[in-house]
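>>> sequence below, structure please.
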Amino acid sequence: MAATLREVAERAGVSVRTVSNVVNDFPQVATETRARVQRALDELGYQPNAVARTLRNGRSGLIALVLPELDVPYFAELTRAVIEQAAVAGYTVVVDQTDGDPVRERELVMRGSRAAMFDGLIFNPLALGGADLRNRASSTPVVLLGERVVQGGLDHIMIDNVGAAELATRHLIELGRQRIAAIGDQFDETRQTGQLRTQGYRAALRAAGRQVIPELVRPTEYFHRADGAAAMADLLALPELPDAVFCYNDLLALGALRTILSRGLRVPDDIALVGFDDIEDGRYSTPSLTTISPDKTQIAKNAVQLLLNRLDGDSSAPAELPADYTLQIRESTTGQDASR
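Model (predicted):
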């Protein structure tokens, strides 16, 4: 049975109130008394009642993490990182998904009654814009992830998609590839990630004195394996095949890889392939996948810290924090895995 405050007080020879002051880290306890109480706490294995503590300080101890798709590996890996970072601060993470549906996003984030369940929210929107979020009913602190919201009046962590896409495309150019295709362009205003990565792809080609060939830029409705496989099939139907493809995420790249290999072509000998996200599947594919690797741990750490800062009363201007990223060169572009 768990030890009680009264049992700890008896062991330490102090009042229950003094033990409570030590447990809650109140300063008005003498150093020697605090040490004696702490010894008693350790000896009896006392565990504070987290529920009672959160009720006393007016917090639930819960953070909501709201993402578009939980079955996408990038978001699954990011979720693990957020849970780990929140646990360090003593918070539990509740996860939900929106599928990018505006009604669902409003239900989870905009309505005060739902948001009030949590001390704070980490939210990756697809449908809601800056004006929507500025006008939300809840005062619960929110940290935004992703590219959908610009100048939303909230803390925001994002990846420089243009710069990262330039880096990926430049890698293919430096390998001497001539017909570099792109898979993942998107035209819907809620799908800004694809648009930004297309900008980076085009910028790298133009910087190298190359023309952007429209037929080599293939849109997809989603960033799923099936979309990558279908887009790659379209590229292989062209009279002149690409000799390299930049896919806007690793799932698209893995779908494209399947189509390339099923046609009897070789990667990277015939077609080099680059992805984006550095998911675990890509590290163990055959060949292993060259990819842009966002620092997911840094994203999670910064998101949780920004939220904690707001909970502690930080009223400074909203922060815009770019996440670090690197190019992980593996077998799909060079035949060798430099990341191992």
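>>> need phi/psi at residue 125.
Main-chain torsions, residue 125, degrees, to the nearest 10: phi -80, psi 150.
>>> oops, could you answer that again for residue 43 instead?
phi -60, psi -40.
>>> and for the one 3 residues further on?
Main-chain dihedrals, residue 46, degrees, to the nearest 10: phi -60, psi 130.
>>> that one touches residue 6, doesn't it?
No: proximity of residue 46 to residue 6 does not meet the contact threshold set by Cβ atoms under 8 Å, at 10.9 Å. C-beta coordinates here come from the backbone N, C-alpha and C atoms, glycine included.
>>> find residues that contact each of those two.
Contact with both residue 46 and residue 6 is made by no residue, according to Cβ atoms under 8 Å, 6 or more residues apart in numbering.
>>> okay, these two: which has more neighbours?
residue 46 (19 against 11; other Cβ atoms under 10 Å).
>>> contacts only, for the more buried one.
2, 3, 5, 8, 23, 40.
>>> columns distance to residue 278 and pLDDT on top of the residues you listed, output as TSV?
Output for the contacts of residue 46, formatted as TSV (distance: Cβ to Cβ, whole Å; pLDDT from 0 to 100):
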residue	distance to residue 278	pLDDT
2	43	67
3	46	78
5	48	82
8	48	90
23	42	79
40	48	90
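>>> and these, which of them are buried?
5, 8, 23, 40 (16 or more other Cβ atoms under 10 Å).
>>> do I have it right that the last one meets residue 12?
Yes: in terms of Cβ under 8 Å, residue 40 counts as a neighbour of residue 12; the distance is 4.0 Å.
>>> quick one: low-confidence ranges for the stretch 51-200 of the chain?
Scanning the stretch 51-200 of the chain with the threshold set as pLDDT under 70 gives 51-58, 110-116, 130-131, 134-138, 148-152, 190.
>>> pLDDT on the helix or strand that contains residue 234, on average?
Using DSSP states H and E, residue 234 maps to helix 225-236. Averaging pLDDT along helix 225-236 gives 98.
>>> packing partners of it?
Secondary-structure packing of helix 225-236 (3 or more Cβ pairs under 8 Å, 6 or more residues apart in numbering; DSSP states H and E): strand 180-185, strand 217-219, strand 244-247, helix 250-262.
>>> out of those, which is the most enclosed?
strand 244-247 (a mean of 30; mean count of other Cβ atoms under 10 Å).
>>> mind jotting down where the strands sit in the stretch 201-340 of the chain?
Counting by DSSP state E, counting those that start in this stretch, the stretch 201-340 of the chain has strands at residues 217-219, 244-247, 272-276, 290-294, 320-323, 325-328.
>>> what would the ones you listed look like in a markdown table with distance to residue 253 and mean pLDDT?
Output for the strands of the stretch 201-340 of the chain, formatted as a markdown table (distance: least, Cβ to Cβ, whole Å; pLDDT from 0 to 100):
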| stretch | distance to residue 253 | mean pLDDT |
| --- | --- | --- |
| strand 217-219 | 13 | 98 |
| strand 244-247 | 4 | 98 |
| strand 272-276 | 3 | 98 |
| strand 290-294 | 7 | 98 |
| strand 320-323 | 20 | 92 |
| strand 325-328 | 12 | 98 |
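>>> so for residue 144, which of the ones you listed sits nearest?
strand 320-323 (9.6 Å; Cβ to Cβ).
>>> residues of that closest one that come out buried?
Using 16+ other Cβ under 10 Å as the test for burial, strand 320-323 gives residue 323.
>>> my guess is residue 210 meets residue 173, correct?
Yes: in this structure residue 210 lies within contact range of residue 173 using Cβ under 8 Å: 7.2 Å.
>>> shared neighbours, those two?
Taking Cβ under 8 Å, 6+ apart as the criterion, residue 210 and residue 173 both touch residue 180.
>>> tell me, how many residues neighbour residue 207?
Neighbours around residue 207, by other Cβ under 10 Å: 12.
>>> shouldn't residue 290 be in contact with residue 276?
No: checked against Cβ under 8 Å, the pair residue 290 and residue 276 is beyond contact range at 10.1 Å.
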